[in-house]
Every structure is written in C-alpha cells, then in structure tokens.
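J.: Structure of the sequence below:
(2 chains)
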Amino acid sequence: MPVWFNPSHTIDQALREVAALMPEFDPEFDPGVRPADPRFGDFQANGVLSFAKKHQVNPRELAQSLIDAAQASNHFDPNMVELSLAGPGFINFKLSTAFLWQWQLDYSTKADYQSGAMQLKSGRKVVIDYPSANTAKQAHIGHLRPMVIGQAIARILDFCGAELVRDNHIGDWGTNFGTLIMKIKRDEIDLNALNEDALATLDKLYKDGSALEKEQPDLRDISRKELVLLQNGDPDNTAIWEQIVKISKIAFEQLFDQIGVEVDITLGESFYRNKVDRIYEELTEIGLAEHSDGALVVWHDEVKKFSRENERPYPFNIRKSDGASNYASTDLATVLYRLEKFKAEEIIYLTDARQQDHFEQLFLTTNKWFKAKGYPLPEMQHVFWGSILGADKKPLKTKSGESIKLQELLDEARARAYEVVTKKNPEFPEQERKAIAESVGIGAVKYADLSSNRTQDYVFSWERLLSFEGNTAPYLLYAVARINSIFRKAEIDPSEPLIGASPIETEAELALARRLMGFVTALELTINDLRPHFLCTYLYELAGTYSSFYNADKVMVSDEAVKARRLILCARTRTVMQTGLELLGITALERM
RNA sequence: GCUCCCGUAGUUCAAUGGAUAGAGCAGCGGUUUCCGAAGCCGCAAAUGGCAGUUCGAAUCUGCCCGGGAGCACCA
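T.: From the prediction side, this is the model:
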C-alpha cells in the first residue's frame, strides 16, 4: 500500500472522519493540520484548541480523546505515524522512518509529484490576464514584474491542473493613440520606413507629442479628434494604428521569448471596441450606470472612498464624456467575454499596486451587474506588487534618471553572468559559457523578482542577485549542478530506478527526506495566495538541506546499499529542484 | 479630506493566528589527504510606539509615528 503523498491533507481528512463519529465534535470542526516545527513532529493539528474554547471544554482532554479515537480507527498505522498530545492541546504527528523511506520509493518522477499537485486546481477554468503591456512604448524595468510573476503563477496553476487561458490583454485602444496619430501626421512619419528601432521611435514620438500638447493645448483637441476618428473606423487612422500595433507586438514577442512569457491569446482592448455598447446598455438597463458630467459612470456609495458624498467624488467612469470608451469599459466587456467564451471560473489580473482602486471598482461593478443579470460570477483576483528600488530606496533608474530599458537589463544580466562563469570555468567551451550565462543571468533576475513577497518593494542589487550565496538563483542552480556531477562521475542516469538500497537512517538523510515531502505544501501555499516566493523559499530550504546532507554523508561510499539510498535521495532532490525551477521559469544546468 | 501598500538583526529578505521570530551579506570563530569550499558547522544581533481582541499576535482591530502610492473622462 503506498504511503500518503500529501500527509497534511490525508491527516486532515482522517481527523474529520474520526471526529464525525464522536459526540464531542460537530461538523464545524476544522482539524487545522499544518506542517510542524521539526522539534515536535512532521505535522500538527491545532484545531482542537479553538473548538474546545468555543464549546467550553478542556482542550487537552478533548485532544486526547481525539487521539484515542484516531488510533482506534484504521486511519493511522502505528508503524507509519505516531500521534502525541502537547502543550495546551496540540496534536503532533511524527512520521516514522519507514514512512519517510517508503515515500521516496513510491514517488520519484515529476509526473508522480504532479499527480499529487493536480488535486489543487483540477479542471478549474482560470483566465490569467498578463503581461498586458501597452503598445507603442518600449518595455522598461516596470514591465519586468508582470512578465516574471505572471509567468511563474501561470506555470504553477497549469502544473496544478487548472484549465488555463493566458490572455495578453494589450493596451492597444487607449487615449495615447490620439496623441501618437496626431504627432505622426504632423511630422508626416512613414511607419513602413522604420527599421528595428521602430518601437523606440514610436516611444519618442509619443513623448514628444505629449510635450507638444502641454505647450500648445489646442493640439489636445486634435489628438482627441484623431482618437474618435480611429474609434469610428476612419481608414487612414486605422492603417496607422495597425502599423503601431504590429511594431509593438514584434518587439514584445522578442522579450517574451527571452523571459519565457507564454501567451495563449492576445486580445487587446481594441478587440472589445464593438462589445462596449452592450456594457453601456446592460449597466444602464439594470440602473447601475448613470450620467455624470456627460460621462457614463457607476457609483459605489457604500464604499467610502468611492462615494459621491466625498470632497473628491470618485465614480467608476465607464464612458468618457466625448463618447469614447476607456479602461473601465473594455475591462467590463472583457470580463463578460471571458465568462461567455471561456466559461471562466476564476480571473487573475496582474498589474501594479497603483491600480488597486480600479480593480476594486471593477470587481464591485461586475458583482452587482452579474447578480442583476443572473450571470455566474467568476472569482476575481488582483495580483499586484511593489516597486523595484535602487540602493537609495528610490525606484530604480539609470544614472541620468531615465527608466531602465528591459532589454538593457537582460543584456547586462547576461554579460555579468558570463563574466562570472568565465572566471570560474575558463576551460568550458565558449558556447556552453554563453548558455550558462543565459540561464544564470536571466534566472537570477527572475529569481530576485520572485523570491521576495510580491506586495513589498525590493531593493535591486546586481551583486546580491548574482551571488552564489544566500537565497539566489545561482545557489539553487549550483545545488543541482553538484547533484549532476555525482551522477556523471558515477556514470548513472539519475532518471533510472536504483535497486538494492537500504532504508535511510542518518539524521541528514532523514532531514532531506522530510524536506522532499514539502514540495506540494509549498505549491499549495503559493497557489492560495498567488505568491511565488513561497515556492522560492521552499526550494532554497531544499537546496540548503541537500547541502547539509552532502557535507555530512558522502554519497559515493563503498557500501552499495548505502550508496544506492543516497543516490535515490540525490535523484529526488534533483527532480524536485528541476521541477520547481522550471515552474519559476529558470532552466537548471548540467554543470556551471 | 477619502483610501491603499509597507515598517522585523548593522543591512537585504523569511515566518499559511501556534510552541524558543528563521536565513543571506557584513562581523567573529571553526571546517578541505574525502563526491564541485560557489559549500558546511558554530557565535553575536531584530518585530516603529501605545492600547485592544485571543488559550495564543510580527501576523487581526483601533489610534499614533515613519516611508511610498492612488483619488472619473491616462492605462
């Protein structure tokens, strides 16, 4: 009989079943199972404490009776798990060595690990809205986090069984096109004549156009008219717009390839241009939308900050007073499309923290609207993040105060990593050093972005993120490279099964075996909060536990049975590390 | 005026309301005839302040202090 893949879940289920048969408990009882401090055991159940408090009974006595009933049931094999009472009423679960070892034997491949993870999001229809960059603007460092965080979240959701649609909801229909078209016409720019710097040129044209509008406010009216012309299907403006979008897409796809951003569909705001009328109609029909200063808006007076009673009223503006659609109109149309087209049960938006008000208004509006129309309401989540700061704790900029171009950042990462690799391993072929620099450099930038809690700002430091010490990509990659080195020297394929192993027994072996079991818990934490740093922390701890094991217990010993069991632990560590890194979008290396 | 994010060791980051708040760097001290020392082991060092909720608070609530951000016709 195989051992439990996810002991935390199994213990939780078993305790619920046991408690269901006991008069002391009721269906409200939540066992509260979670990984425990290793000093006390592998898992602990805290739920008895709050339950006992609520029902005015002695928590220790209640916990003891649950332990007794659990042990009397057939759920807990005493050879596999030991239950004990501790403190004010904790129940500790200590897995036996037999369990830990059997687990390593039963679950060995990526597919095995995934089969356990699939329960987490099985079949759930999820639309993830990322990276959703704007058109006609060069990508800068601000575009890094949506790409990196979004890509990791998407891969993890996919791994955990979600039916995922990665929707690149590009901003290709906004007010900036009015300015851009005005400037392009004014300067008589031929977009077809632009070369590979096309996007940089567009970027500059927009900036210059905006500056011009500030100097000559009457140009703003021209820009506005150009936008309305575009939105009404004017052929000239449409042709210009198509060129701009094309140039932008080509440039962004180059970045996506480098960063590992995967996209299933690209439906920009323009896609919804014919779908916004229905939004205006439905929201007006149900009495949600009303006119205000010529615009069509939705008020959420029950939320204080959006109330019209405020000194500065803050409605959700869904149609501008000139009749044009905006961010809100297209986002509302997009929600409806995702529901009707993809049957979305969950929608995840990735944008920076400054847009929280917009999404709060969007979610409130959708909630009321779908309720009134009887549409099923998808779960909607806004994943946001803090800024990337420089050493001075201010948003990272170039020395001259410009925002750092994303391409330049990536190139610098490669160059710095190449320098390190060449210094450490000058004998490696040039091509391999380049490949290593690619993985280490880009991986380090991504990992720096993923490894800290996304809602906080983080300080960007080349020195730290490329360091081989601490919670960095190079440290993790190094751990994998060392494992590969062992298999290379032993001339053993790490993916082949190993036979003749004796059961683990040393402290370092047991610690590593325990750590390996934590992968699914790390994925679960990551998915619950959509915070990839939980997975990063786990992989860092796994690499550390492996390094301790590596130092304490030599793998290539003469005792074949001991060697085999240690090689098994190495192979498992390698698989989990590689799988985890892949989910984060980092490529593990054979050597580095 | 109405809000949001954040405040943990000298520093950069962890801690799904749970037991003695964990790491990296920097500092100090060990460790290599042995699989990659880019490693490992150890020492020292922190929850902005005051109340409250709770059996239990870095975590939840309120107020205060400090940093950053937002407040309709940009996205």
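
J.: Could I get the full set of strands for the stretch 251-400 of chain A?
T.: Under the criterion DSSP state E, counting those that start in this stretch, strands of the stretch 251-400 of chain A are mapped to A:289-292, A:295-298, A:316-319, A:346-350, A:379-383, A:388-389.

J.: which outside residues touch the fourth one?
T.: Spelled out, that is strand A:346-350. A:124-132, A:146, A:149-150, A:153, A:162, A:335, A:338, A:359, A:378-384, A:530 (Cβ atoms under 8 Å, 6 or more residues apart in numbering). (Glycine included, C-beta is placed from N, CA and C.)

J.: Now do it against strand A:379-383, angle only.
T.: Put simply, strand A:346-350 runs at 20 degrees to strand A:379-383, going by axes from the mean of the first three to the mean of the last three Cα atoms, to 10 degrees.

J.: How far does strand A:346-350 sit from its chain's centre?
T.: 11 Å (Cα atoms, centre = their mean, to the nearest Å).

J.: Now do the contacts for A:Asn367.
T.: A:Asn367 touches A:Leu377, counting by Cβ under 8 Å, 6+ apart.

J.: And A:Leu95, by the same measure?
T.: Contacts of A:Leu95 by Cβ under 8 Å, 6+ apart are A:7, A:41-43, A:80-81, A:514.

J.: Make JSON lines from these and add secondary structure to it.
T.: Output for the contacts of A:Leu95, formatted as JSON lines (DSSP: H, G, I helix; E, B strand; the rest coil):
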{"residue": "A:Pro7", "secondary structure": "helix"}
{"residue": "A:Gly41", "secondary structure": "coil"}
{"residue": "A:Asp42", "secondary structure": "coil"}
{"residue": "A:Phe43", "secondary structure": "strand"}
{"residue": "A:Met80", "secondary structure": "coil"}
{"residue": "A:Val81", "secondary structure": "strand"}
{"residue": "A:Arg514", "secondary structure": "helix"}
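
J.: Most neighbours of all those residues, which one?
T.: Counting neighbours by other Cβ atoms under 10 Å, A:Val81 leads the contacts of A:Leu95 with 25 neighbours.

J.: and stretch A:67-81, C-alpha only, in PDB?
T.: The C-alpha trace of stretch A:67-81 is given here as PDB (Å, rounded to 0.1, in the frame of the first residue of the first chain):
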ATOM      1  CA  ILE A  67      -6.100  11.000  19.600                       C
ATOM      2  CA  ASP A  68      -7.500   7.900  21.200                       C
ATOM      3  CA  ALA A  69     -10.300   7.700  18.700                       C
ATOM      4  CA  ALA A  70      -7.900   8.300  15.800                       C
ATOM      5  CA  GLN A  71      -5.600   5.500  17.000                       C
ATOM      6  CA  ALA A  72      -8.600   3.200  17.400                       C
ATOM      7  CA  SER A  73      -9.600   3.900  13.800                       C
ATOM      8  CA  ASN A  74      -7.800   2.200  10.900                       C
ATOM      9  CA  HIS A  75      -6.500   5.600   9.600                       C
ATOM     10  CA  PHE A  76      -3.300   5.700  11.500                       C
ATOM     11  CA  ASP A  77      -0.900   2.800  11.200                       C
ATOM     12  CA  PRO A  78       1.300   3.000  14.300                       C
ATOM     13  CA  ASN A  79       4.300   1.800  12.200                       C
ATOM     14  CA  MET A  80       3.900   4.800  10.000                       C
ATOM     15  CA  VAL A  81       2.800   7.700  12.200                       C
END
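
J.: Tell me the buried residues in that stretch?
T.: A:67, A:69-70, A:75-76, A:80-81 (16 or more other Cβ atoms under 10 Å).

J.: out of the residues you listed, what pair is the most spread apart?
T.: A:Ala69 and A:Met80 (17.8 Å; Cβ to Cβ).

J.: in chain A, which ranges drop under the pLDDT threshold?
T.: A:1 (pLDDT under 70).

J.: so who does the residue nearest the centre of it touch?
T.: Geometric centre of chain A, nearest residue: A:Ile153, 2.6 Å, by Cα atoms, centre = their mean. By Cβ under 8 Å, 6+ apart, the contact set of A:Ile153 is A:128, A:130, A:348, A:350, A:383, A:530, A:532.

J.: Please list all residues in contact with the nearest residue to the third one once chain neighbours are set aside.
T.: Same thing as A:Ile348. Ranked by Cβ to Cβ, 6 or more residues apart in numbering and with sequence neighbours excluded, the top spatial neighbour of A:Ile348 is A:Ile128, at 4.6 Å. Taking Cβ under 8 Å, 6+ apart as the criterion, A:Ile128 is in contact with A:150, A:153-154, A:157, A:164-167, A:347-348, A:350.

J.: Next up, the contacts around the residue nearest to A:Gly390 when sequence neighbours are not counted.
T.: Residue nearest to A:Gly390 in three dimensions, not counting chain neighbours: A:Leu396, with 4.4 Å by Cβ to Cβ, 6+ apart. Counting by Cβ under 8 Å, 6+ apart, A:Leu396 makes contact with A:141, A:387-390, A:404, A:460.
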